[in-house]
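A.B. asks: Provided below are the primary sequence and the corresponding predicted coordinates.
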Amino acid sequence: MNIASFAPLAVLLPILGAALTFLLIRHSRAQRTVSIALLSLTLLLECWLLASVWNGGTAAVNIGGWLPPWGIVMVVDQFSSLMLVVSSSVSLAVLIYATGQGMADGDRDAPVSIFHPTYLILVAGVSNAFLSGDLFNLYVGFEILLTASYVLMTLGGTGPRIRAGVTYVVVSVVSSVLFLIAIAMIYGATGTINMADLAIKLADLDQGTQNLLHVMLLVAFGIKAAIFPLSFWLPDSYPTAPAPVTAVFAGLLTKVGVYAIVRTETLLFPGDTFNTPLMVAALLTMIVGILGALAQSDIKRLLSFTLVSHIGYMVFGLAMSSVAGLGAAVFYVAHHITIQTSLFLVTGLIERRGGSSSMDRVAGLAKLSPMLAVLFFVPAMNLAGIPPFSGFLGKLGLLQAGVQLGTPLAYALVIGGVLTSLLTLLAIARVWNRAFWRKPEDAEHPDPVLLAAPEDSATGDRAGKTNVTLLPRTMVGSTLGLVIFGVGLTIFAGPLFKVADQSAVDMLDRTSYIQAVLGQDAPVPAIAQPEPRVVSK
Amino acid sequence: MSVNLTLLTVMGALYACGIYLILERSLTRVLLGLMLLANATNLLLLATGGYAGLAPMYSKDTAAGEYNDPLPQALILTSIVISFAVTAFMLGIIYRTWVLAREDEIQDDAEDRRVAKTPSFDLEDDSVIPVETSEFPLTMLGSDGQSVSDVPDGAEATVKVAGRKLDAGEAASEEQPGSLNVTPPKEGGGQ
């Protein structure tokens, strides 16, 4: 049985859910049930896909029975199925959080009836991008998730969201146009847009044409992944969206860009032509991003800057094009999706409990709600890379790979990585000191909510004063679930790292991917510099 | 592969106009620019199909080279649908901006401007901590060593700043604009 035959369901189920929830637009309870049920089903399916390729191997399916170089293929391998599982777990947690928020607020703030269909379409787009073995289908996947994200970004249509949405839409459309131009030029040069077929045919082009196509793809994906010179739009547009939306954007959208860059660098254009520029971009992304974070006084904006900064780590890993570096980058992507999303979810809770996400206004939350403090502290330390956590393990893997490479630029990146980690700790410590440890009276402009301390501080209910629950159990529960999932990544880091390293070996080797798509007798062109095939334990 | 020169010239013109327009601050022009860019890209996709040929429906007597390449047209169709949806959404956003701000221009991010204007001096992090020289440390109020315990009961704690005595509470807020710490300018332009 070909397990990849079930891969299209990962796209179809959320789209089916979107259609159903759109029909149920007047029945919010049924809408919630349908969307959560279908997303859980998708997650189960993806877990099964991951389990089938856990020990290696690649499977492909031809959509509609069209043969590979002409029709659309979907490819399941370790990297794509790992990304699917992590992204669906995160989106399920965010969906439950969002329904909790919607129920607690009585659906006043945002038209939540629109939220469910749009959100499921976003998930379908993300799955499609991860599974696609065809460059144009990858473009369609990007467009599905981007169009859904435009709607989610401007949910409610308030002034700041529209302002942020305009920047976001224009930048995204420009990057999509660049991607489409690259696809057209690649089709003109090779006559195919199947990625496995391209892996063979692109190598025959002359070096100048290759470089041009390569750079166009890197720029298009670089805008989506928010790599330094192209990252200006992210901290401008993310913070204004509703908390669950920002959380899922921060977790997934930039990582889809990183995923596409990994595929470009390993499958389409292997070798080290652009490793040096990518490494420089990675260094600048790390340093500039984290310096931006230190200047912020709003927690959401600060986290948006750390998001940009940590994209640098992933680019660093993939730019080394070694098994150790790529494996660590794969692990880091999985870690970062989880951690960054949980931090944004916690910030949403901080905003509800403290009345604001500005560090000038919130204070003393550690005493008001110890639960919230724990929920923030664990992923925050994880992000900064404090030893027991997965953030430390991922960074350690990257630094080891950098030292193993041993070039001066790699050492500069190792130093930059350590520095960024320290500065992240500083930024996070500022949030901790101000929002959690400081007395409410010491805040510059304390929110009245904080000064009038509630009687029942365990749940945060201000008895009798308002009927809005400050910390609904569903929201806290889903955040807690995601934080535990993040800790789980630490506990099961051993097997995960093994899978990540194996997927790195497969990606750099390319044989299993190309043969899964084009058949066993497809010729696999040799890469200029073959990599040592050693799986580090 | 042969290329249609007219198609390429039109494509180049569309790209040039599109790029010029998206650099404007007016949202309607940006939208027009994006539409031109999308259409230019469609032409580029069409150009990759080569010269026009026969309809790609199989007939026995036709050689393979005489058919048109159908794939670029399928791609263009998809891309037209996508750009149609995005254009409709952009129009909605532009209308909403007009309703909210009465302006057809890209708005500045207020928080961004505020962070840019924030002085690098941070009251909490960067203020000078008084150096402890006494063998009997006391809680310091000002950097001149005047301590709380020197103040008799009932009297207000003061700090000497820039040759003037200042209430301790006001000294703490000296970063605030319009504080008593700053000598107020003479009214009437120094007359």
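C.D. replies: Nice, I can see it.
A.B. asks: Up against chain A, what does chain B have?
C.D. replies: B:1, B:22, B:27, B:30, B:34, B:37-38, B:41, B:44-45, B:47-48, B:71-72, B:75, B:78-79, B:82, B:85-86, B:89-90, B:93-94, B:96-97, B:100-101, B:106-107, B:109, B:111-112, B:115, B:118 (C-beta under 8 Å from any C-beta of the partner chain). Bear in mind the C-beta positions are built from the backbone N, C-alpha and C, glycine included.
A.B. asks: Surely A:Met216 is within a helix?
C.D. replies: Yes: applying DSSP: H, G, I helix; E, B strand; the rest coil, one finds A:Met216 inside a helix.
A.B. asks: For the residue in chain B that chain A sits nearest to, report the pLDDT, please.
C.D. replies: Residue nearest to chain A within chain B: B:Thr48 (3.8 Å; C-beta to the nearest C-beta). On pLDDT, B:Thr48 comes in at 85.
A.B. asks: The nearest residue to it once chain neighbours are set aside is in what secondary structure piece?
C.D. replies: Among residues not flanking B:Thr48 along the chain, A:Gly188 sits closest, at 3.8 Å (C-beta to C-beta, 6 or more residues apart in numbering or on different chains). Assigned by DSSP states H and E, A:Gly188 belongs to helix A:159-190.
A.B. asks: Centre of the chain to that helix, how far?
C.D. replies: Here the centre of helix A:159-190 is set off from its chain's centre by 19 Å, with C-alpha atoms, centre = their mean, to the nearest Å.
A.B. asks: My guess is B:Gly53 contacts B:Asn68. True?
C.D. replies: Yes: between B:Gly53 and B:Asn68 there is a contact under C-beta atoms under 8 Å: 3.9 Å.
A.B. asks: how close does the nearest residue to A:Val173 once chain neighbours are set aside get to A:Leu489?
C.D. replies: Nearest residue to A:Val173, sequence neighbours excluded (C-beta to C-beta, 6+ apart): B:Leu34, at 5.3 Å. Per C-beta to C-beta, to the nearest Å, B:Leu34 is found 40 Å from A:Leu489.
A.B. asks: Please apply the same query to A:Met83.
C.D. replies: 13 Å.
A.B. asks: Of those two, give the one with the bigger neighbour count.
C.D. replies: Using other C-beta atoms under 10 Å in any protein chain shown as the criterion, A:Met83 and A:Leu489 rank with A:Met83 on top: 28 against 23.
A.B. asks: moving C-terminal of the helix or strand the more buried one falls within, what's the next helix or strand?
C.D. replies: Using DSSP H and E, A:Met83 maps to helix A:78-105. Next in sequence after helix A:78-105, counting helices and strands by DSSP H and E, comes helix A:112-131.
A.B. asks: so what secondary structure elements neighbour the very next helix or strand once past that next one?
C.D. replies: The C-terminal neighbour of helix A:112-131 among helices and strands, as given by DSSP H and E, is helix A:135-153. Using 3 or more C-beta pairs under 8 Å, 6 or more residues apart in numbering or on different chains; DSSP states H and E as the contact criterion, the neighbours of helix A:135-153 among helices and strands are helix A:112-131, helix A:159-190, helix A:195-201, helix A:254-263, helix B:70-101.
A.B. asks: Can you list the buried residues in the helix or strand just after the last one?
C.D. replies: Scanning forward in sequence from helix B:70-101, with DSSP H and E defining helices and strands, the next element found is helix B:110-117. For helix B:110-117, the buried set under the neighbour-count rule, 16 or more other C-beta atoms under 10 Å in any protein chain shown, comprises B:111, B:115.
A.B. asks: contact partners of helix B:110-117?
C.D. replies: Helix B:110-117 has contacts (C-beta atoms under 8 Å, 6 or more residues apart in numbering or on different chains) with A:236, A:239, A:295-298, A:301.
A.B. asks: Filter the residues you listed down to the ones in strands?
C.D. replies: Per DSSP state E, strands hold no members of those.
A.B. asks: Grab the two from the residues you listed that are most spread out in space.
C.D. replies: Spatial extent of the contacts of helix B:110-117 (C-beta to C-beta) is set by the pair A:Asp236 and A:Ser297 at 15.9 Å.
A.B. asks: still on that earlier bit, gap between the residue of chain B closest to chain A and A:His310?
C.D. replies: Taking C-beta to C-beta, one finds B:Thr48 at 38 Å from A:His310.
A.B. asks: Please identify which of these two sits among more neighbours.
C.D. replies: More neighbours surround A:His310 than the other of B:Thr48 and A:His310, with 27 against 20 (other C-beta under 10 Å).
A.B. asks: For my notes, confirm that one occurs in a strand.
C.D. replies: No: using three-state DSSP, the assignment for A:His310 is helix, not a strand.
A.B. asks: That one is in contact with A:Leu383, isn't it?
C.D. replies: Yes: between A:His310 and A:Leu383 there is a contact at 7.4 Å, judged by C-beta under 8 Å.
A.B. asks: Need the overlap of contacts for those two.
C.D. replies: Common neighbours of A:His310 and A:Leu383 (C-beta under 8 Å, 6+ apart) are A:340, A:424.
A.B. asks: which of the residues of chain B next to chain A count as buried?
C.D. replies: By 16+ other C-beta under 10 Å, these give B:22, B:27, B:30, B:34, B:37-38, B:41, B:44-45, B:47-48, B:71-72, B:75, B:78-79, B:82, B:86, B:89-90, B:93-94, B:96-97, B:106-107, B:109, B:111, B:115 as buried.
A.B. asks: so who does the closest residue in space to A:Arg301 that isn't next to it in sequence touch?
C.D. replies: Of all residues not flanking A:Arg301 in the chain, A:Pro239 sits nearest, at 4.9 Å (C-beta to C-beta, 6+ apart). Counting by C-beta under 8 Å, 6+ apart, A:Pro239 makes contact with A:164, A:246, A:298, A:300-301, A:304, B:111.
A.B. asks: Return the member of the residues you listed nearest to A:Gly17.
C.D. replies: Looking across the contacts of A:Pro239 and measuring by C-beta to C-beta, the closest to A:Gly17 is A:Thr246, at 22.1 Å.
A.B. asks: what's around that closest one, how many residues?
C.D. replies: 26.
A.B. asks: Tell me how far it lies from chain B.
C.D. replies: As judged by C-beta to the nearest C-beta, to the nearest Å, A:Thr246 and chain B stand 14 Å apart.
A.B. asks: Now do the contacts for that residue.
C.D. replies: Per C-beta under 8 Å, 6+ apart, neighbours of A:Thr246: A:238-239, A:300, A:304, A:344, A:348.
A.B. asks: Kindly recompute the last result at 7 Å.
C.D. replies: A:Thr246 makes contact with A:238-239, A:300, A:344 under the criterion C-beta atoms under 7 Å, 6 or more residues apart in numbering or on different chains.
A.B. asks: mind listing the strands for the chain?
C.D. replies: Here I'm looking at chain A. For chain A, the strands defined by DSSP E cover A:59-62, A:73-76.
A.B. asks: Chain B is the one I meant
C.D. replies: Ranges of strands in chain B, per DSSP E, are B:158-161, B:164-167.
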